[in-house]
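# Predicted structure and sequence below. I'll ask about it afterward.
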Amino acid sequence: MRTLFADKCAGCHGDRMQGGRAGSLLDDTWMYGGSDDKVLESIREGRADAGMPSFKASLSDVEARGLLLLIRTNATQAKGRPATLATPVMDGVVKTAKQTFRIETLTEAVETPWGLAFLPDGRLLITERPGRLRILDKGKLSEPVAGIPAVWTRQDGGLFDVEVHPKYAQNGWIYLAYAEPRETNRSMTTIIRGRIKDNRWVDQEYIYRAPDELFTQINFHYGLRFIFDREGHLFYSLGDHGKPESAQDLSQPTGKIHRVNDDGTIPKDNPFVSRAAALGSIWSYGHRNPEGFSFAPNGTLWATEHGPSGGDEVNIIQKGRNYGWPVISWGLMDSGLPTETTAKPGMEQPVAHWEPSPGIAPVLFYNGSKYPAWKGNVLLGFMGHEELRRLTVNGTRVGKQEVLFKGLGRVRDFVLGPDGLLYAALANPGPQLSSTTQGRVVRLVPVQ
Ligand code: HEC
Ligand SMILES: [Ca+2]
């Protein structure tokens, strides 16, 4: 795409799109309209009166859409972090359209916090990606729980989500996922459960462990978010682990959302149990790297996933359905081109998608009473764009979006506490996308 821009556009719009003989494509002022359709129209049809040639004959639709995505991505990069980020409102009061709240820091002594889960007694489990599990108890952070398996920590590897069994009071089970290391620098996502006794991990059992040939030297797209449904099934996500085509292959676990019983066995009513050569644990497929789950009040499962360059998605996950990756996507593929088409029969469309990629991870259907004006809304956490967003939804349609806060760090996870308040895991942005950095756990305390 960059070469295409250099060949066909840079002569007039400047090699970094900043403007030359013709105007800047980055400044967010549009003579002919800034919607996707209008920008595509400018490129295809040209703007003869202004001296913008038509590229209808010399660019395919896919190339035109690729240039649009490139313009969007460059515009966001050019904007950088807005000036307001210099003075974060951490521990200050934030006024938003419908709710004022105070962001209260509970701990800053965590490194790249990844997953949060409350025990029924109000203690909060926190995973740190470098491989530690800690417990926050009335403001006091425990020493790391001893006896957790060693984790692979290169790039995106590490300790991932933590979840508490819905019947924890009876059985004490806690679920953890991590990048398991193997010889020759290989790793793969593994799921275990165990109990914590005297701050020590005991009674460990494997819930999911891939065959050795699936351990690879690729250190990204591990997935792994958890959620339990009301019947006690465990859903977990596995990213494509750097093998996009595996997301369409039902004999491969990567690029899927899985559903298992609490002990890792396969429920009889899973969609592919009776199909030969398909993995029975698969619930849905065609996913790139899902990292957020939430159930809507009507019981439907919503999931987020990271797109390639652009095309981050929110999907409603239905049994046995195909969510398209890597055949359809709204983003730019590694090749620099978009996919041939963004929609195909037999492949689900996201309910919402974002270009360029904000890095969507957590999603939460809010149905509580502590922030009454947000009831029925969806909250989304962005990592790259460091935002907490509120979306109004009507059934499966996404309406207005509001940024609740921005620039306080990468929003990796959030959960509702037993007190009904929203708790979030934030991490400072690092020099690289995957850097391990200092993080914090905060809660949003409503202010009248
Ligand atoms: C011969 C010079 C020339 C070339 C080559 C050219 N443009 Fe333009 N383009 C213009 C001029 C002049 C305008 C009018 C407005 C301005 O100055 O930005 C324009 C306008 C546009 C607009 C609308 C901007 C707005 O404010 O609404 C877009 C989008 C655009 N160009 C994209 C492209 C892309 C993508 C390419 C390469 C495929 C390209 N242009 C190649 C001269 C050129
Ligand atoms: Ca998709």
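Happy to help now that I have it. Ligands and ions are numbered 1, 2, ... in the order given.

# so where's the protein shaky on pLDDT?
80-90 (pLDDT under 70).

# which stretch of helix or strand covers the residue nearest the centre of the chain?
Nearest to the geometric centre of the chain sits residue 361, at 2.5 Å (C-alpha atoms, centre = their mean). Taking DSSP states H and E as the criterion, residue 361 maps to strand 360-365.

# so the next helix or strand after that strand versus strand 360-365, what angle?
Sequence-wise, the next helix or strand downstream of strand 360-365 (DSSP H and E) is strand 378-382. Calculated by axes from the mean of the first three to the mean of the last three C-alpha atoms, to 10 degrees, strand 378-382 forms an angle of 160 degrees with strand 360-365.

# for strand 378-382, the distance to its chain's centre please.
9 Å (C-alpha atoms, centre = their mean, to the nearest Å).

# tell me what whatever helix or strand comes next after it is packed against?
Of the helices and strands lying after strand 378-382 in sequence (DSSP H and E), the nearest is strand 387-394. With contacts defined as 3 or more C-beta pairs under 8 Å, 6 or more residues apart in numbering; DSSP states H and E, strand 387-394 has these neighbours: strand 378-382, strand 397-406, strand 410-416. (Glycine included, C-beta is placed from N, CA and C.)

# Neighbouring strands of the first one in the sheet, and parallel or not?
This means strand 378-382. In the sheet, strand 378-382 lines up against strand 360-365 (antiparallel), strand 387-394 (antiparallel) (DSSP bridges).

# Could you list the residues in contact with the shortest one?
Okay, so that is strand 360-365. Contacts with strand 360-365, where a contact means C-beta atoms under 8 Å, 6 or more residues apart in numbering, come from 291-297, 302-306, 312-314, 354, 377-383, 411-416, 422, 424.

# Could you check the longest helix along the chain and say which residues are buried?
Longest helix of the chain, by residue count under DSSP state H: helix 61-79. For helix 61-79, the neighbour count (16 or more other C-beta atoms under 10 Å) marks 63-76 as buried.

# ditto for stretch 436-447
439, 440, 441, 442, 443, 444, 446.

# does the first one belong to a helix or a strand, and which?
With secondary structure defined by DSSP H and E, residue 439 is part of strand 438-447.

# What parts of the stretch 301-448 of the chain come near ligand 2?
323, 324 (C-beta under 5 Å from the ion).

# I'd like to know the phi and psi angles of the residue of the stretch 101-250 of the chain found nearest ligand 1, please.
The stretch 101-250 of the chain approaches ligand 1 most closely through residue 244 (26.8 Å), counting by C-beta to the nearest ligand atom. The phi/psi pair for residue 244 (degrees, to the nearest 10) reads phi -50, psi -40.

# Relative to residue 251, how far out is it?
16 Å (C-beta to C-beta, to the nearest Å).

# go on, residue 102?
Residue 102 is 51 Å from residue 251, by C-beta to C-beta.

# neighbour count winner among the two?
It is residue 102, of residue 102 and residue 251, that has more neighbours when counted by other C-beta atoms under 10 Å, with 15 against 12.

# you'd agree the more buried one is in a strand?
Yes. Under DSSP: H, G, I helix; E, B strand; the rest coil, residue 102 falls within a strand.

# Residue numbering should commence at 38 henceforth.
Sure thing, new numbering starts at 38, so read that last one as residue 139.

# Isn't it up against residue 132?
No. Using C-beta atoms under 8 Å, residue 139 is not in contact with residue 132; the gap is 10.6 Å.

# how about the residue of the chain most remote from its centre, secondary structure?
Ranking residues of the chain by C-alpha distance from their mean position (C-alpha atoms, centre = their mean) puts residue 86 at the top, at 43.4 Å. Residue 86 falls in the helix class when you classify it by three-state DSSP.

# For stretch 259-276, list every residue counted as buried.
For stretch 259-276, the buried set under the neighbour-count rule, 16+ other C-beta under 10 Å, comprises 259-265, 270-276.

# For the buried residues of helix 98-116, give me a markdown table that also has distance to residue 381.
A markdown table is the format used below for the buried residues of helix 98-116 (distance: C-beta to C-beta, whole Å):
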| residue | distance to residue 381 |
| --- | --- |
| 100 | 19 |
| 101 | 19 |
| 102 | 15 |
| 103 | 18 |
| 104 | 22 |
| 105 | 20 |
| 106 | 19 |
| 107 | 23 |
| 108 | 25 |
| 109 | 23 |
| 110 | 24 |
| 111 | 29 |
| 112 | 29 |
| 113 | 28 |
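
# so which of these would you say is closest to ligand 1?
The closest of the buried residues of helix 98-116, once distances to ligand 1 are taken by C-beta to the nearest ligand atom, is residue 104, at 4.4 Å.

# For the closest one, give its distance to residue 40.
On the measure of C-beta to C-beta, residue 104 and residue 40 end up 11 Å apart.

# if we can go back for a sec, now the angle between strand 447-453 and the strand holding residue 398, please.
20 degrees.
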